[in-house]
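Trainee: Next input, structure requested:
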Amino acid sequence: MTTAADDRVLFDVDRDKRIATITLNNPARRNSYDAAMREQLARYLDQVAEDDDLTVVLLRGAEGVFSTGADMNNAYGWYGGGGGDERSREERSGGDERSREERSGGDERSREEQSGDERSRRPSQRRRLTVDRKSFGFYHNLMGFPKVTVGEISGYALGGGFEMALMTDISVIARDTRIGMPATRFLGPALGSLHMFFHRLGPVLARRLLLTGDVIRASEVEHLGVFTDTCDAASVPARARYWAEKAAKMPADGVVIAKEAFRLVEQSQAYQGEEVASYLFHAYGTNLQFADGEFNFVKTRARHGTREAFRLRDEHFFVPEPE
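Mentor: Predicted structure coming up:
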């Protein structure tokens, strides 16, 4: 059974196996997502949560790519400023980290006109707090989802895509998948689910990725057990389906009780106060000022367009390793 809505997010149910599959279907943009896509994803998750006949939801991306995070071509659109219905932490969370050749070019308007547009669309602090509170609810709900979540992860899992991959209960990832939080280079690292990064990755790796914005391959952390199953890319779909079917055989009520117990343990051990702190830090942090010599992605994008802004960002942060 396939449900048609926004065809950039697909929903399929296998009732015999008790598994629902949600697919991010925006391959031209490496399955980056905008506010509308995230809202559609949330609605499908709600459907699964309310369906007593389903035990597992499989999260995946079309054409061998999980997700490169939020689409950065309309950053302020996430706040409802001229192109989206809201904006979340995704301005720092990933932002369509495709190769330079595949990124869409910025428009050709004058610098003054684009800068003026950025200023006119800049959201108020009260708007930031209101939107971020709602937006962070999506991620908190995903972490506390009452059914088993299985991630089928390959290609890229960056920014918000990386966060969703880490939030799944069971994660199958290709060794060559590129993972990380490169958009911390936009606004700094203290802007989101720090509890989740420290709890899932451990403090050393979390600090390394958040303080550098490095993108690494999943094979580099295979020995740490960050993901449930690390394998060759060709094996990921079958392995993910295997884990989904395995989990789906569990008693559904037992799974729900276990998931609530897991959430209680995590809340008591790692997440105390973070539900509030996460959106507060992000809302305030998106109003950062930049010193001379620091890279300001939003201003650079307004002046040069998205494609050139990504190129200049990579150039700014490149430091050659010593021999």
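
Trainee: what about residue 14, neighbour count?
Mentor: Other residues lying near residue 14 total 17 when counted by other C-beta atoms under 10 Å. The C-beta positions use only the backbone N, C-alpha and C, and glycine is treated the same way.

Trainee: Show me what it is bridged to.
Mentor: Beta-bridge partners recorded for residue 14 (DSSP bridges): residue 19.

Trainee: pLDDT value on it, please?
Mentor: We have a pLDDT of 98 for residue 14.

Trainee: Please, where are all the helices along the stretch 151-300 of the chain?
Mentor: 160-167, 184-187, 194-201, 203-212, 236-248, 252-269, 274-285, 297-304 (DSSP state H, counting those that start in this stretch).

Trainee: closest one to residue 59 among those helices?
Mentor: helix 160-167 (6.6 Å; C-beta to C-beta).

Trainee: Dump the C-alpha coordinates for that closest one into PDB.
Mentor: C-alpha atoms of helix 160-167 as PDB (Å, rounded to 0.1, in the frame of the first residue of the first chain):
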ATOM      1  CA  GLY A 160      20.000  16.500  10.300                       C
ATOM      2  CA  GLY A 161      20.400  13.300   8.300                       C
ATOM      3  CA  PHE A 162      23.200  12.200  10.700                       C
ATOM      4  CA  GLU A 163      21.100  13.100  13.700                       C
ATOM      5  CA  MET A 164      18.200  11.000  12.400                       C
ATOM      6  CA  ALA A 165      20.600   8.100  11.700                       C
ATOM      7  CA  LEU A 166      22.000   8.300  15.300                       C
ATOM      8  CA  MET A 167      18.400   8.400  16.700                       C
END
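
Trainee: just checking, what packs against it?
Mentor: If you count contacts as 3 or more C-beta pairs under 8 Å, 6 or more residues apart in numbering; DSSP states H and E, helix 160-167 packs onto helix 125-143, strand 148-153, strand 178-180, helix 194-201.

Trainee: ranking these by mean pLDDT, which is last?
Mentor: helix 125-143 (a mean of 80).

Trainee: Could you list the buried residues of it?
Mentor: For helix 125-143, a neighbour-count test (16 or more other C-beta atoms under 10 Å) marks 127-133, 135-136, 138-140, 142-143 as buried.

Trainee: so which of the helices of the stretch 151-300 of the chain is the most packed in?
Mentor: Among the helices of the stretch 151-300 of the chain, helix 160-167 has the highest mean neighbour count (mean count of other C-beta atoms under 10 Å), at a mean of 26.
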